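1. coordinates only, sequence not included:
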């Protein structure tokens, strides 16, 4: 199988189920932004911390489920779907990291160590993916757990950035107003 088909040359692509839509369709924009988050997680890893790298590897697999869920406007019972268990897994990562971190008392500027800054970047794109999913949900039916998952993932990436920075001995700077 060749990677190029020419089917997208006129600005249209296939949804799961073979419906053809514009590449600017809100559904395509939503799962395309999820793909961007996934790619950024590939840039972050390895961080040098097994627990963080394990979470990122799991998140990358979760994000494939998110993409499949968003790409399928009429899923069957056996199609990939984001489930509450995905959200609970991410909440576990946040709780574990929070147990190691000092309590957050103010906003922090994104940055820090190389891995910390990359996690902050991935977090900001995860927020954009969440906004795209919310926009899609305003016009079409989607699995509501997708939005919850993306919201929680961005929280996790923020917390993991803080964790990596703390382990690296990097001080978090607060914004000045």
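-> Good, I have the coordinates. In this text, all values refer to a predicted model and were calculated from it rather than measured experimentally.
2. all strands for the protein, in order.
-> In the chain, the strands defined using DSSP state E lie at 12-14, 20-22.
3. Identify whichever of those lies nearest to residue 112.
-> Closest of those to residue 112 is strand 12-14, at 37.4 Å (criterion: Cβ to Cβ). (Each C-beta comes from the backbone N, C-alpha and C, glycine too.)
4. List of residues touching that closest one?
-> 7, 20-23, 28 (Cβ atoms under 8 Å, 6 or more residues apart in numbering).
5. By neighbours, which of these wins?
-> residue 28 (19 neighbours; other Cβ atoms under 10 Å).
6. got a list of what that residue touches?
-> 13, 21-22.
7. gap between it and residue 6?
-> 18 Å (Cβ to Cβ, to the nearest Å).
8. again, but for residue 155
-> Counting by Cβ to Cβ, the gap from residue 155 to residue 6 is 41 Å.
9. Comparing those two, which residue is more hemmed in?
-> residue 155 (17 against 7).
10. I'd guessed the more buried one sits against residue 95; true?
-> No - between residue 155 and residue 95 there is no contact under Cβ atoms under 8 Å: 11.0 Å.
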